[in-house]
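J.: Have a look at this prediction, sequence included:
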Amino acid sequence: MKRYASVLVLLLFLSVVIVFLPQNGIVKAEPKTLVVPDDYSTIQEAVDAASEGDTIFVKSGTYNESVSIDVAISLIGEDPATTTIIGDMRLSGTVVLIRHHYVNVTGFTIQPSAYSWTRRGVHLLHVSYCNIFGNVILNNEEGIWVYGCSTNNITGNTVSGHGPGILVECSPANWISGNILRNNNLGVRFIASPNNTLCNNTISNNYGGLVVDSDGNSIVDNIIEHNRANGIELLGVNNILKGNKLNNNTLNFDIDPKLRVDFRNSQFVNDVDSSNTIEGKPIIFWNNKHDQTVPEDAAFVVLVNCKNITVENLNVSKNPVAIVLVSTVNSKVTNNSVEAPDYVIFIHNSSGNTIANNFVFKGGIGIFLHSSIQNELIGNSVTDATSGITLEFSDENIIDSNFIFGGSVGIRLDDSDNNTVRKNVVKDCEKVALSFWRNASQNLFYLNSLFNNTKNVEPYSPIGPDQIGPVFPINSWNNGTVGNYWSDYNGIDSDGDGIGDTPYVIDENNQDNYPLTEPHAIPEFPSWAPMPIILIVVLMVAVIYRRSLNKKNQRNPK
């Protein structure tokens, strides 16, 4: 019984000590500085010996090790030009792994012993309030990888490597400033990471510049130049872009036309003002504007939820997409010279617009209408496009007097009905002049001139157990009095009225009953076009004659 009482007294005493220890104060050790290699031969040994708040100072030298930091310390190299960490594979390829809040790393060159796709320079993993600044990070797959982190500061680093220079993934509210990202596969990428700030960075000479696949970020005052693919690829929404300068990228600015996958109008809503420039010319990205004219020096145009906007006399190139209209009505896109490899003029969920007299060059798709009704495409010239004009889920539009030369497909209708296609010239298409995808029916074709194409018309091939072989949707191939010119029509015109005596048969449900025996319209110089040439020739002859006469007079003076 006495022994049991003694144990109770001891437990009571220990409880009192534990309760009153905080009140009496716990004496914390003062932060100290550990020096490598003076105090510890390796950086990892110093980290393992450090306590919270300590500083590890690393003298100039080469340290062949990977470093894992699990305590709130400052790791400082003497000079990034002379203090190098060369990582091994101990941390699955990561050279410096940070797994604790309030860690600072500065003053190093950080690189792997050899490149592989698993190598990472600095990896911040589920941490906050860390500072990575003033380092040179070389030859990794990811130079700096921020994953599951927030409120970190990445400043003043120079990063070159094989993948993203800085990859921010599932990480909100970080600050990335004053870094130089060059000679990477990609300068900076955000994935599912909102509310970050990317400012005053130089992103140059990479394959791709900046990809923002996230929402609500601030992209401010960055220089993005000489990248071999896109300068900026903007895939998220509600991002703010101000004062960014894009120069001499192969392609400068792209919004996600997630276009073929996800056509939510909201995806196009970003705050991109005209302080963003391409080769010194403004990017125009307007939301909810009415009754305005786009400046003629615009380098890229996006109109979202706009009305009565005029886009004319622009020369736009070197972007994946040139002019974009989304949920925009009663606007005009006229007399522009535009070039883009993906979509040149892209129109989604828009109506009552006029797209007229534009010169469209070297496009993936020259003019693309998606889910758009009652627009007019008139007098445009499209050359060398994968598809000159494409309508997808777009009804009741007018395609009139356009000239489509070369490329793969002339006019493609994809699940688009009740459109009028008239007076167009489609020539020299490598694949087909008129193409149908899915069911595109009740469209009216007349006075079109189709010649020198590999094929003039092509059906679509439905997919399904009950659909075998290509079929044509039912369309009208004449207006009741005149049809189209088909260069492969073999009929005759016995009465010389310009209309063939027999129909041009497409299939059993589609035929042109009034095929033209001559093209309705063949592009040619207007009647006044030779005059400048003639005047130039006359002037040149006059100059030559005068010079000849002067030489003759000099040889035979009076």
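T.: Yep, it's here.

J.: State whether residue 48 is indeed within a helix.
T.: Yes - Residue 48: assigned to a helix according to DSSP: H, G, I helix; E, B strand; the rest coil.

J.: count of residues packed around it?
T.: Residue 48 has 13 neighbours, counted by other Cβ atoms under 10 Å. (Each C-beta comes from the backbone N, C-alpha and C, glycine too.)

J.: Kindly report the same for residue 288.
T.: Using other Cβ under 10 Å, residue 288 has 11 neighbouring residues.

J.: Quick check on it: phi, psi?
T.: phi 60, psi 40 (degrees, to the nearest 10).

J.: May I have the residues that are in contact with the residue nearest to it when sequence neighbours are not counted?
T.: Distances taken as Cβ to Cβ, 6 or more residues apart in numbering place residue 305 nearest to residue 288, at 4.9 Å, with adjacent residues excluded. The contact partners of residue 305, taken as Cβ atoms under 8 Å, 6 or more residues apart in numbering, are 265, 287-288, 326-328.

J.: with those in mind, which one is nearest to residue 346?
T.: Lowest distance from residue 346 to the contacts of residue 305 (Cβ to Cβ) belongs to residue 326, with 8.4 Å.

J.: Thought residue 303 was touching the closest one, still the case?
T.: Yes - between residue 326 and residue 303 there is a contact at 7.0 Å, judged by Cβ atoms under 8 Å.

J.: from the contacts of residue 305, which is closest to residue 400?
T.: When the contacts of residue 305 are compared for distance to residue 400 (Cβ to Cβ), residue 328 wins out at 20.4 Å.

J.: so how many other residues sit close to the closest one?
T.: By other Cβ under 10 Å, the residues close to residue 328 number 27.

J.: what separates it from residue 420, distance-wise?
T.: Noted for residue 328: a distance of 22 Å to residue 420, by Cβ to Cβ, to the nearest Å.

J.: got any ranges where the stretch 1-150 of the chain has weak pLDDT?
T.: 1-28 (pLDDT under 70).

J.: mind listing the helices for it?
T.: In the stretch 1-150 of the chain, the helices defined using DSSP state H, counting those that start in this stretch lie at 2-24, 43-49.

J.: which of the residues in stretch 328-338 are buried?
T.: Judged by neighbour count using 16 or more other Cβ atoms under 10 Å, the buried positions of stretch 328-338 are 328-329, 331-334, 336, 338.

J.: Mind listing the residues bridging to residue 218?
T.: Beta-bridge pairing for residue 218 (DSSP bridges): residue 197, residue 240.

J.: tell me the contacts of it?
T.: 196-199, 239-240, 242.

J.: follow-up on the earlier one: now pLDDT and distance to residue 127 too, for the buried residues of stretch 328-338, in a markdown table please.
T.: Below are the buried residues of stretch 328-338 laid out as a markdown table (pLDDT from 0 to 100; distance: Cβ to Cβ, whole Å):
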| residue | pLDDT | distance to residue 127 |
| --- | --- | --- |
| 328 | 96 | 44 |
| 329 | 98 | 49 |
| 331 | 98 | 49 |
| 332 | 98 | 53 |
| 333 | 98 | 49 |
| 334 | 98 | 54 |
| 336 | 97 | 50 |
| 338 | 96 | 47 |
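
J.: can you redo the residues you listed as JSON lines with secondary structure and distance to residue 192?
T.: Listed next are these as JSON lines, based on DSSP: H, G, I helix; E, B strand; the rest coil; distance: Cβ to Cβ, whole Å:
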{"residue": "328", "secondary structure": "coil", "distance to residue 192": "29"}
{"residue": "329", "secondary structure": "strand", "distance to residue 192": "34"}
{"residue": "331", "secondary structure": "coil", "distance to residue 192": "34"}
{"residue": "332", "secondary structure": "strand", "distance to residue 192": "39"}
{"residue": "333", "secondary structure": "strand", "distance to residue 192": "35"}
{"residue": "334", "secondary structure": "strand", "distance to residue 192": "40"}
{"residue": "336", "secondary structure": "coil", "distance to residue 192": "36"}
{"residue": "338", "secondary structure": "strand", "distance to residue 192": "33"}
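
J.: how about these in a markdown table, adding distance to residue 146?
T.: Output for the buried residues of stretch 328-338, formatted as a markdown table (distance: Cβ to Cβ, whole Å):
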| residue | distance to residue 146 |
| --- | --- |
| 328 | 37 |
| 329 | 42 |
| 331 | 41 |
| 332 | 45 |
| 333 | 41 |
| 334 | 46 |
| 336 | 41 |
| 338 | 38 |
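
J.: Could you identify the most distant pair in those residues?
T.: Taking every pair in the buried residues of stretch 328-338 and measuring Cβ to Cβ, the maximum separation is 20.9 Å, between 329 and 338.

J.: What part of this protein, helix or strand, is modelled with the least confidence?
T.: Sorting the helices and strands of the chain by mean pLDDT, DSSP states H and E puts helix 2-24 at the bottom, at a mean of 37.

J.: For this protein, give me the ranges with low pLDDT.
T.: In the chain, residues with pLDDT under 70: 1-28, 256-267, 460-471, 521-558.

J.: returning to that earlier point: can you tell me which of the contacts of residue 305 lies closest to residue 148?
T.: For the contacts of residue 305, the nearest to residue 148 is residue 265 (31.3 Å; Cβ to Cβ).

J.: how far away is residue 86 from residue 45?
T.: As judged by Cβ to Cβ, residue 86 and residue 45 stand 17 Å apart.

J.: Run a quick check on residue 229 versus residue 253, I expect a contact.
T.: No - using Cβ under 8 Å, residue 229 is not in contact with residue 253; the gap is 12.0 Å.

J.: So for the two, which residue has more residues nearby?
T.: Set side by side, residue 229 and residue 253 show more neighbours around residue 253, with 28 against 17, by other Cβ under 10 Å.

J.: quick one: the more buried one and residue 298 touch, right?
T.: No - counting by Cβ under 8 Å, residue 253 does not reach residue 298; the two are 11.3 Å apart.

J.: Report the set of residues contacting both of the two.
T.: Common neighbours of residue 253 and residue 298 (Cβ under 8 Å, 6+ apart) are residue 283.

J.: and residue 253, what are its bridge partners?
T.: Under the criterion used here (DSSP bridges), residue 253 is bridged to residue 232.

J.: so what's it up against?
T.: Applying Cβ under 8 Å, 6+ apart, we find residue 253 in contact with 230-232, 234, 246, 276, 278, 283, 299-300, 319.

J.: Reformat those as JSON lines; add neighbour count and distance to residue 63.
T.: Supplementary listing: the contacts of residue 253 in JSON lines, determined by neighbours: other Cβ atoms under 10 Å; distance: Cβ to Cβ, whole Å:
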{"residue": "230", "neighbour count": "23", "distance to residue 63": "37"}
{"residue": "231", "neighbour count": "30", "distance to residue 63": "37"}
{"residue": "232", "neighbour count": "30", "distance to residue 63": "37"}
{"residue": "234", "neighbour count": "24", "distance to residue 63": "40"}
{"residue": "246", "neighbour count": "30", "distance to residue 63": "39"}
{"residue": "276", "neighbour count": "25", "distance to residue 63": "42"}
{"residue": "278", "neighbour count": "25", "distance to residue 63": "44"}
{"residue": "283", "neighbour count": "23", "distance to residue 63": "45"}
{"residue": "299", "neighbour count": "25", "distance to residue 63": "47"}
{"residue": "300", "neighbour count": "29", "distance to residue 63": "47"}
{"residue": "319", "neighbour count": "30", "distance to residue 63": "45"}
